[in-house]
Structure formats: C-alpha cells, structure tokens
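Asks: What follows is a protein structure lacking sequence information:
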Ligand code: NAD
Ligand code: TYD
C-alpha cells in the first residue's frame, strides 16, 4: 500500500500559498483521493484564503483551513490531535530570496525551526500510528550555482548561497536526519522555479506581468543573463502526487521543467504575449525593461536533472514554456480581483522599499 492508499486525511502546511494552493486544488479536483485535506497556514503576507475560495465552496467539509504557525508546537500538536492526519505534505516556508537578504530571521525561524516542530509532531504521531508519512517540499537552490554547463543531481553536494537556500538546506538535512536516526518515513523533493496561477507578485514572472500592465518599469537584475529552469506549477503538483503514490520512503527526488531560460528572455516573452493579448496604447511593453542593480550573491544558473523521477516513477513535465507562460499571462488578465487582494497591505510597503533600495 502507498502513503495515499492509507491516507484518510492529508495535512498540507502552507496551503494558502502559491504552490500549496495549486496542490490542494490538484488533489481534490484531479486525483481519486476521497479523504479530507487540512490546510495549516499562518496566512502571512504570502498566504491568501481567496486562492482556495472556490475549493472551500465546492468541497465543503473535505477541505478545512486551520490558521496556525508551524513554529508553535502547541498549535501544531493541536491540529494533529484534532485531525489525526496520516500524511503531511510540508510546503510552508518563507520563500522569497530578496526578502531573505533584507531580513533573514523569519527564514531561520519558519524554515528551520518550523520544520523541526513539524518533524517532532510527526514523530510523536508516528509512535502511536505507524501509518504516518511526511513529505518535505524543497528547492534546487540548495545545490548552489552552476556555471554554463552541468546539472544538479540528487547526489550533488549542497552549497546554498542565500539565507533562503541555506535555511531550506538546513530543513532538508533535518528531514533526512529524522529518517536516518529515528526511521521516520519521509520523502523529499527538490524542485526548480515554478510559475503559473496564484503566484505572489513579488516573484519575477507575476511581477513583470503586473508591472507591464500598469506601465511600470520591468526590473531585470544585473545583466539579465542569469538562468532558471522553469516548471509549470501543475506539473510540480503532479510530480509530488506521483512521489506520494509511488515514491520510495527515505528517497529524494529532483523535479524540474527541463526548460532553462535567461531572465531577459522570460521578460521579453511576457512583453510579446501582452503585446498580442492587450496591446499597449503608447509605445511597446519591451520599452519598460530596465536593468537594475543586481541581487547580492545572485546565483548564476540553475539546471536540474530529474531523470530519477522520470525513469523510476514515470513522471514528466507536460506543459511547455510557451503555452504555460501564455496561460499564466491570461490568468493574471482574468483575475484582477485576486491580484488586488494580495497586493494590498504589507506587500505594498515591502515592494516600495525594495525598489527604493535597488534603484538608489
Ligand atoms: P509562498 O510564499 O507562495 O507560500 C508560503 C505559504 O506558507 C504561505 O501561504 C504562508 O502563509 C505560509 N507560511 C509561511 N510561514 C508560515 C508559518 N510559520 N506557519 C504556517 N504557514 C506559514 O511559497 P511557494 O512559492 O508556494 O513555495 C512553497 C514551498 O515550495 C516552499 O517550501 C518553497 O521553498 C518551495 N519551493 C518553491 C519554489 C517556487 O518556485 N516558488 C520552487 C521550489 C520549491
Ligand atoms: P525569483 O522569481 O525571485 O525566484 P528565485 O530567486 O527563487 O530564482 O527570481 C527569478 C530570477 O529573476 C532570479 O534570477 C532573479 C531575477 N529577478 C529579476 O531580474 N527581477 C526581479 O524583479 C525579480 C523579482 C527577480
């Protein structure tokens, strides 16, 4: 039996964020899972219940939102006592590299301490019920930065270079240590850059789409030649589901889009899609591109090798970048209300401060 066969309740941490909300939607609408999904989320600036409003309405008691902090052991144990989940999928994290440079403390707290608190709760639950499983969501950024050639494999030595990636690396080590030391049944996945609907507009792709629509500058860090490997978020969700249904306990799986793109090419591609879907009244979207001061310690290139997941478990990315990017731009054009709700409040303060710092 797989982790999913046994699971009657899945606890998803960070399910109100970008990937977590897409994952919950995927589980409830695209798989044969018949149990309950509990979304445990602190609802930080990056978490928005509106991302799952339709799911809450459609699935009633099969979808439960519990507001809480993964760093608070009492709250975490309370959720375990109330829902007795047999599978935990751990997305909750501080996720933005630029923020980690300005204020690393929250990254250490949530990504390291929060993961430790989750592991302790799972270990406790597992002592009573041997069917409990933990899946940890991580990033390719733990492997460091590549030159013009080469790829990250599951066996590549960790070399994190930002406070964000260092905190994720630390959490990955903790998860594996709990497997080796206590025998806790865990799996880990390290994924490349995601894009798609419900992406918080501090990250490159949604930021560029929305700035362009508002006639604001499109900030490209440094020379724009840094490379990221882009994966449509639904493909990531499917990969995680594949690992949950057929992955081997104790194993790590890389997930990637096999789609390396230079940042400047991503930005111009968005401009060209917008030019077609919503032509600019004066000038062209490309005129808004502005090369700005580089991110400190900016990793040059990421490229992930996901052969293990492809060959062992039969997963492969289904969306190509041209179609996925177009769908994403269309989604932002059609979801102005969601955009307005996530761009209010604390987010605005942050983005203004970040621009001021970068342009000074
Ligand atoms: P996100 O910032 O959009 O969402 C994070 C979610 O976690 C939010 O809903 C937030 O409210 C919640 N959260 C934050 N701190 C919390 C706490 N202390 N307790 C409970 N909830 C808390 O992030 P994302 O882009 O969806 O990333 C999700 C996961 O995937 C992260 O672990 C990230 O490291 C990983 N990842 C992201 C990418 C990417 O391209 N976005 C790529 C690879 C891996
Ligand atoms: P981002 O979306 O922040 O993801 P990550 O840092 O996790 O890869 O950034 C993607 C790439 O785009 C990264 O190389 C930094 C760059 N970037 C810009 O050039 N301009 C921007 O305004 C942002 C947010 C990112």
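Replies: Sure, I can see it. Everything numeric in this text was worked out from a predicted model, so none of it was measured. Ligands and ions are numbered 1, 2, ... in the order given.
Asks: Could I get the full set of strands for the chain?
Replies: Using DSSP state E, the strands found in the chain span residues 9-13, 36-41, 63-67, 87-90, 133-139, 186-191, 193-195, 218-221, 227-232, 252-255, 260-262, 289-292.
Asks: right, so those: which one is the most enclosed?
Replies: Mean neighbours per residue, mean count of other C-beta atoms under 10 Å, is largest over the strands of the chain for strand 87-90, with a mean of 27. All C-beta spots, glycine's among them, are computed from the backbone N, C-alpha and C.
Asks: Packing partners of it?
Replies: Counting contacts by 3 or more C-beta pairs under 8 Å, 6 or more residues apart in numbering; DSSP states H and E, strand 87-90 is packed against helix 3-6, strand 9-13, helix 114-128, strand 133-139, helix 233-246.
Asks: Same list, the strands of the chain, but as a markdown table with mean pLDDT and distance to ligand 2 please.
Replies: Listed next are the strands of the chain as a markdown table, based on pLDDT from 0 to 100; distance: least, C-beta to the nearest ligand atom, whole Å:
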| stretch | mean pLDDT | distance to ligand 2 |
| --- | --- | --- |
| strand 9-13 | 98 | 19 |
| strand 36-41 | 98 | 20 |
| strand 63-67 | 96 | 26 |
| strand 87-90 | 98 | 18 |
| strand 133-139 | 98 | 7 |
| strand 186-191 | 98 | 11 |
| strand 193-195 | 98 | 5 |
| strand 218-221 | 98 | 4 |
| strand 227-232 | 98 | 5 |
| strand 252-255 | 98 | 15 |
| strand 260-262 | 98 | 9 |
| strand 289-292 | 98 | 7 |
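Asks: want to try TSV for these, with distance to ligand 1 as columns?
Replies: Formatted as TSV, the strands of the chain follow (distance: least, C-beta to the nearest ligand atom, whole Å):
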stretch	distance to ligand 1
strand 9-13	6
strand 36-41	5
strand 63-67	9
strand 87-90	7
strand 133-139	4
strand 186-191	4
strand 193-195	4
strand 218-221	16
strand 227-232	8
strand 252-255	8
strand 260-262	13
strand 289-292	21
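Asks: Same list (those strands) but as TSV, adding distance to residue 75.
Replies: Shown next, in TSV, are those (distance: least, C-beta to C-beta, whole Å):
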stretch	distance to residue 75
strand 9-13	11
strand 36-41	8
strand 63-67	8
strand 87-90	14
strand 133-139	18
strand 186-191	22
strand 193-195	27
strand 218-221	37
strand 227-232	32
strand 252-255	28
strand 260-262	40
strand 289-292	40
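Asks: Of all the ones you listed, which one is nearest residue 80?
Replies: Closest to residue 80 of the strands of the chain is strand 9-13 (C-beta to C-beta; 7.7 Å).
Asks: For the closest one, give me every contacting residue.
Replies: The contact list for strand 9-13 (C-beta atoms under 8 Å, 6 or more residues apart in numbering) reads 20, 23-24, 27, 33, 35-41, 70, 79-80, 83-92, 118.
Asks: one step back: residue 167: which of the strands of the chain is closest?
Replies: strand 133-139 (10.3 Å).
Asks: do you know which of the strands of the chain lies nearest residue 343?
Replies: Going by C-beta to C-beta, the one of the strands of the chain nearest residue 343 is strand 218-221, 16.3 Å.
Asks: Relative to that closest one, what are the paired strands and their orientations?
Replies: Applying DSSP bridges, strand 218-221 is found paired with strand 289-292 (parallel).
Asks: centre of the chain versus the partner strand, how much separation?
Replies: Strand 289-292 has its C-alpha centroid displaced from the chain centroid by 26 Å (C-alpha atoms, centre = their mean, to the nearest Å).
Asks: swap in stretch 41-55?
Replies: 14 Å.
Asks: do the same with stretch 264-274
Replies: Taking mean C-alpha positions (C-alpha atoms, centre = their mean), stretch 264-274 and its chain are 22 Å apart.
Asks: Report the buried residues of that stretch.
Replies: Neighbour counts over stretch 264-274 (16 or more other C-beta atoms under 10 Å) mark 264, 266-271, 273-274 as buried.
Asks: Apart from its neighbours in sequence, what residue is nearest residue 47?
Replies: What sits nearest to residue 47 in space, not counting adjacent residues and going by C-beta to C-beta, 6 or more residues apart in numbering, is residue 16, at 3.6 Å.
Asks: From ligand 2, how far off is residue 76?
Replies: Separation of residue 76 from ligand 2 (C-beta to the nearest ligand atom, to the nearest Å): 27 Å.
Asks: what sits against that residue?
Replies: 40, 68, 70, 117-118, 121.
Asks: now residue 232
Replies: 194-196, 257, 317-319, 324, 327.
Asks: Near ligand 2, which residues of the stretch 1-150 of the chain? Just list them.
Replies: By the rule C-beta under 6 Å from any ligand atom, the part of the stretch 1-150 of the chain lying against ligand 2 is residue 97.
Asks: Flag the shaky bits of the stretch 1-150 of the chain, pLDDT-wise.
Replies: Residue ranges of the stretch 1-150 of the chain with pLDDT under 70: 1-7.
Asks: For ligand 1, what is the nearest residue in it?
Replies: Relative to ligand 1, the nearest point of the stretch 1-150 of the chain is residue 17 (2.0 Å; C-beta to the nearest ligand atom).
Asks: returning to what we had before: if we take the contacts of residue 76, which one ends up nearest to residue 127?
Replies: residue 121 (11.1 Å).
Asks: That closest one and residue 73 touch, don't they?
Replies: Yes - if you go by C-beta atoms under 8 Å, residue 121 and residue 73 touch, sitting 7.3 Å apart.
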